[in-house]
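*Asks:* sequence isn't available, so here's the structure alone:
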């Protein structure tokens, strides 16, 4: 596509009227394409456009929260006081001041969780732990 002065003036006019790049290419004619219009609009430093109104935001599926095992009485160790060999299973919201970690003895030196929390985090079917979560959060 050869962009002469007349085509550039038409591009500038149609761009300011809000026509799409495809519509502008059709009006200019010849071998003008949507991509050539977009490229020239960038080189001419024409103002950027907002995305079309009909674009819908993607639906974000809420993340279900599993209920940790009831048979564990966590020691509730603050994060800054946790030591090697202590369970790092979180309790509470990390943004809250009461956030803490389980603190029980781990399965081994390189394992982050105690036996109960390790089993909880590694089971195949967590459905029994999701019993308190509304169905809309667990639907796949």
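*Replies:* Right, received. Where do you want to start? Every value quoted in this text rests on a predicted model; they were computed, and no experiment measured them.
*Asks:* domain-wise, how is this protein divided?
*Replies:* 1-56, 79-138 (automatic domain parsing).
*Asks:* in the protein, which segments are predicted with low confidence?
*Replies:* For the chain, residues meeting the criterion pLDDT under 70 lie at 51-57, 61-71, 123-140.
*Asks:* mind checking the longest helix of it?
*Replies:* Taking DSSP state H as the criterion, the chain has its longest helix at helix 5-17.
*Asks:* okay, the angle between the following helix or strand past that one and helix 5-17?
*Replies:* Following helix 5-17 in sequence order, the next helix or strand is helix 21-28 (DSSP states H and E). Relative orientation of helix 21-28 and helix 5-17, computed by axes from the mean of the first three to the mean of the last three Cα atoms, to 10 degrees: 140 degrees.
*Asks:* from the contact counts, what lies against the helix or strand following helix 21-28?
*Replies:* Per DSSP H and E, the first helix or strand lying C-terminal to helix 21-28 is helix 34-43. Counting contacts by 3 or more Cβ pairs under 8 Å, 6 or more residues apart in numbering; DSSP states H and E, helix 34-43 is packed against helix 5-17, helix 21-28. Quick note: C-beta positions are derived from backbone N, CA and C, even for glycine.
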